[in-house]
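Visitor: kindly return the folded structure for what I paste below:
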Amino acid sequence: MENDSAQHVRFQNLQEDQMTFNQVFEHIVAFMRSRPAGNYRLIVGTDSQIHPQKTIFITGIVIRNKGKGVWACIRKVTVPRKMLQLHERISYETSLSEEVVSLFTEERKRQLIDIVLPHIYQGASFTMEGHIDIGAGKKNKTRKFVQEMVTRLEAIGVEPKIKPDAFVASSYANRYTK
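Guide: Numbering: from 1, shown residues only. A predicted model of the protein is given here:
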């Protein structure tokens, strides 16, 4: 049974539209069970794009088995105004990632870890990352928000990644914001 907070959240990819989070989770489980001795990274990241009358936010969920493939989907959220303040937009991107990460309850994370656990001594692994579309470079306008956003993701138990390592936010999610 799907919990109330997850019922309104819908995801899509090239194969399926209007997936519930339970369906997304089932896809992730099936992907990991197909090769339980893999090196898995479960990654959540959000990017945004300002349009003339709205701002579009795309949150990507990617399960990656290093060298063996990926399964991915997105969630689209539209705010009916131009969000011109950079801090507000970056903070909202992080909030949307936090919301999706929170759907991976301790029980669900334990289920995923249990898939790889019998294969740990053969090199299997599982990590969870949050990709933030910000960078620390001197010319990057978002550098002053790095510590705040990184701390937020650390507080919910995911390993934060920023540019250039935040490919789910800066590449995968970005392509669907246009």
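Visitor: any idea how far the residue positioned nearest the centre of the chain is from Ala72?
Guide: Residue closest to the average C-alpha location in the chain (CA atoms, centre = their mean): Val44, at 1.1 Å. Distance, Val44 to Ala72, using CB to CB, to the nearest Å: 11 Å. Bear in mind the C-beta positions are built from the backbone N, C-alpha and C, glycine included.
Visitor: for whichever helix in the chain runs longest, packing partners?
Guide: If you go by DSSP state H, the chain has its longest helix at helix 86-103. Under the contact criterion of 3 or more CB pairs under 8 Å, 6 or more residues apart in numbering; DSSP states H and E, helix 86-103 touches helix 4-7, strand 39-50, strand 55-65, strand 69-79, strand 125-132, helix 146-155.
Visitor: buried residues in the second one?
Guide: Neighbour-count burial for strand 39-50 flags 39-48 (criterion: 16 or more other CB atoms under 10 Å).
Visitor: quick one: strands adjacent to that strand?
Guide: Using DSSP bridges, the strands paired with strand 39-50 are strand 55-65 (antiparallel), strand 125-132 (parallel).
Visitor: so the first one versus strand 69-79, what angle?
Guide: Using axes from the mean of the first three to the mean of the last three CA atoms, to 10 degrees, the direction of strand 55-65 lies 160 degrees away from that of strand 69-79.
Visitor: now do the same for the residue located most distally from the centre of the chain: helix, strand or coil?
Guide: In the chain, Tyr121 marks the outermost C-alpha relative to the chain mean, sitting 27.7 Å out by CA atoms, centre = their mean. What DSSP: H, G, I helix; E, B strand; the rest coil gives for Tyr121 is helix.
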